[in-house]
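# after the sequence you'll find the predicted model.
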Amino acid sequence: MFFNFLIPHLVHGMGAFWFFLSTFISIGICYLLWLKSERHKRTLVAPVAITFILSVAYMANWIAPVPLVLKQQIVCKNFDNVSYSCDADHLNFWQKIGFSQATIHKDEGEEIYFMSSVYGPAELKAPVEFRWYYKEPSTGKFKLTDKISSSRMVIRGGRDMGYRSYSKKKNIPSGDYRVETAYKDGAVIGATSFKVLDGMPKNGFVRDSLR
């Protein structure tokens, strides 16, 4: 795991080659330590098993791309792309601690924005995309509706609070949504679910921003 973070940081890049190189170096070090220790072969079972599990998880996109870390996510409206601020529903106590689903209220025709910030090491560049899912009322299952990406959506590491980006949707129906921030055509970095409602929220809006 240490080399999975260290090597992308040193080469300012990420991808399958660097992941498997770091994994190969790690298992190689374990093997050399085993030779030096002259212990039983069963000592190698744990590192070999961990290497296998990590490799399968990486190829299956079950783990987030290392070394990208999701810092913040906001669903809102009335977005200002200079300050990266917008109007979000005022969250109650249970929503703030994650025990209740976040909401965003809108009027007809208003655009809904989803913003996220992702941290990466200095000089690292990585393309990202937003995947919007809508929960079909008839089936109760989330269905992928949009993949949003562009040439500008490339993480440039080094900012303490993470690289900031956003996507937007207009004239979307009320209901349950999930948006994933993901490495382009790859693993999910982070995701959040929320409910879109019509009208005004009971506790009003609050101006929030990606810091």
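Here it is on my side, so go on.
# quick one: the longest helix seen in the chain to chain centroid distance?
Longest helix of the chain, by residue count under DSSP state H: helix 16-37. Its chain's average C-alpha position is 28 Å from that of helix 16-37, according to Cα atoms, centre = their mean, to the nearest Å.
# so where do the helices sit in this protein?
Along the chain, counting by DSSP H, helices occupy 2-11, 16-37, 45-59, 93-96.
# quick check: domain ranges of the chain?
With automatic domain parsing as the criterion, the domains of the chain are listed as 2-59, 69-209.
# mind saving the C-alpha coords of the longest helix of the chain as CSV?
Coordinates of the C-alpha atoms in helix 16-37 are reproduced here as CSV (Å, rounded to 0.1, in the frame of the first residue of the first chain):
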residue,chain,number,x,y,z
ALA,A,16,-2.2,0.1,-14.3
PHE,A,17,1.5,0.1,-15.1
TRP,A,18,2.5,2.0,-12.0
PHE,A,19,0.1,0.1,-9.8
PHE,A,20,1.4,-3.3,-10.8
LEU,A,21,5.0,-2.1,-10.7
SER,A,22,4.6,-0.9,-7.1
THR,A,23,2.8,-4.2,-6.2
PHE,A,24,5.7,-6.2,-7.8
ILE,A,25,8.3,-4.2,-5.9
SER,A,26,6.4,-4.8,-2.6
ILE,A,27,6.1,-8.5,-3.0
GLY,A,28,9.7,-8.6,-4.1
ILE,A,29,10.8,-6.9,-0.9
CYS,A,30,8.7,-9.4,1.2
TYR,A,31,10.4,-12.3,-0.7
LEU,A,32,13.9,-10.9,0.0
LEU,A,33,13.1,-10.4,3.7
TRP,A,34,11.8,-14.0,3.8
LEU,A,35,15.1,-15.3,2.3
LYS,A,36,17.1,-13.3,4.9
SER,A,37,14.9,-14.6,7.8
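# that one vs helix 45-59, what angle?
Using axes from the mean of the first three to the mean of the last three Cα atoms, to 10 degrees, the direction of helix 16-37 lies 180 degrees away from that of helix 45-59.
# which residues sit against helix 16-37?
Here helix 16-37 makes contact (Cβ atoms under 8 Å, 6 or more residues apart in numbering) with 2-4, 6-8, 11, 41, 43-44, 47-48, 51, 54-55, 58, 66. For the C-beta atoms, the positions are set from N, CA and C on the backbone; glycine is no exception.
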